[in-house]
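Student: Make a model of this:
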Amino acid sequence: MPFLKPQRTTWCERRAEVCKRNGWRHAIYFPETKRIAKAHYKGEWRNDKREGKGIGVNSYGWMYEGDWYNDLRHGYGVLSKITEDGEVRKMYAGDWARGKKHGFGSNWYKDGSYYEGTFRENKRDGYGRIWYKCGSGYYQGTWLNDRYHGEGILIQENGNLYEGQFTNGKKESRGVFYHLDRRQVQEGRWENDVCVNSTIEDVDCRPPALHPTLYISRINGQAAIHL
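Tutor: This next block holds a predicted model:
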């Protein structure tokens, strides 16, 4: 049986291996999929890929600072937007997996809303809370595929509150609606966001405030909003 000789590498292949970026570097970086002028990265490399701690900025004004793995955001990191006047606005801080928001994180939206909870592949999924812009509403509970899904509490801008089940972002199955403006409690069943069967009871509760706070407690077994 003849002996097999080891395959020899070319000079170009050997030089390419030597030139691979490893360790801490500060370099201009051009993604293979799309060359973005002046995009840059400062941080750790492994085998010519971003891996470890680093800061990456692209020409669209997005900046990511945190953990990298195999050239992707992976671990914990902060994503910010750099405005034209140089202001850095934090947009997301939390866990990442394979380049996507995945795990626990906080997200600041352009309209002023704020979400805190779990993500799954860039979508709100699991338990989370969201404060809508300018006090226009609040939700806490479970999410699925970026929508209310499961048990949750929804507070409207006027202070009215719904506590119960949601399916694909809509009220579904059993729930209780607290009409603070009418001082009534409506308990019943919802289908596709519409109440189809319920009982309504007058209750003695505090009058709604113009701008209610979003802290919820229970008085005699019923939910209440601190005004």
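Student: quick one, domains of this protein?
Tutor: 20-95, 109-226 (the TED database).
Student: in which helix or strand would I find the residue nearest the centre of the chain?
Tutor: In the chain, the residue lying closest to the centroid (Cα atoms, centre = their mean) is residue 107, at 4.8 Å. Element membership for residue 107 (DSSP states H and E) is strand 100-108.
Student: mind checking how far residue 96 is from residue 77?
Tutor: To residue 77, residue 96 is 6 Å away according to Cβ to Cβ, to the nearest Å. Placement of C-beta: from N, CA and C, glycine included.
Student: From the neighbour counts alone, determine which of the two ranks first.
Tutor: Higher neighbour count among residue 96 and residue 77: residue 96, with 25 against 22, using other Cβ atoms under 10 Å.
Student: nearest residue to that one other than its sequence neighbours?
Tutor: Using Cβ to Cβ, 6 or more residues apart in numbering and skipping residues adjacent in sequence, the residue nearest residue 96 is residue 73, 4.2 Å away.
Student: Ok, which of the domains of the chain comes nearest residue 103?
Tutor: Closest approach to residue 103 among the domains of the chain (Cβ to Cβ): domain 20-95, 2.8 Å.
Student: any common contacting residues for residue 96 and residue 77?
Tutor: 66, 67 (Cβ atoms under 8 Å, 6 or more residues apart in numbering).
Student: buried residues in the strand holding residue 107?
Tutor: Using 16 or more other Cβ atoms under 10 Å as the test for burial, strand 100-108 gives 100, 101, 102, 104, 105, 107, 108.
Student: what's the third one in contact with, if anything?
Tutor: Counting by Cβ under 8 Å, 6+ apart, residue 102 makes contact with 95, 96, 119, 120, 121, 122.
Student: Selecting buried members of those residues in PyMOL, what would you type?
Tutor: Burial among these is assessed by 16+ other Cβ under 10 Å; the matching PyMOL selection reads:
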select buried, resi 95+96+119+120
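Student: JSON lines for the contacts of residue 102, including pLDDT and distance to residue 140?
Tutor: Supplementary listing: those in JSON lines, determined by pLDDT from 0 to 100; distance: Cβ to Cβ, whole Å:
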{"residue": "95", "pLDDT": "99", "distance to residue 140": "20"}
{"residue": "96", "pLDDT": "99", "distance to residue 140": "24"}
{"residue": "119", "pLDDT": "99", "distance to residue 140": "16"}
{"residue": "120", "pLDDT": "98", "distance to residue 140": "18"}
{"residue": "121", "pLDDT": "98", "distance to residue 140": "22"}
{"residue": "122", "pLDDT": "98", "distance to residue 140": "21"}
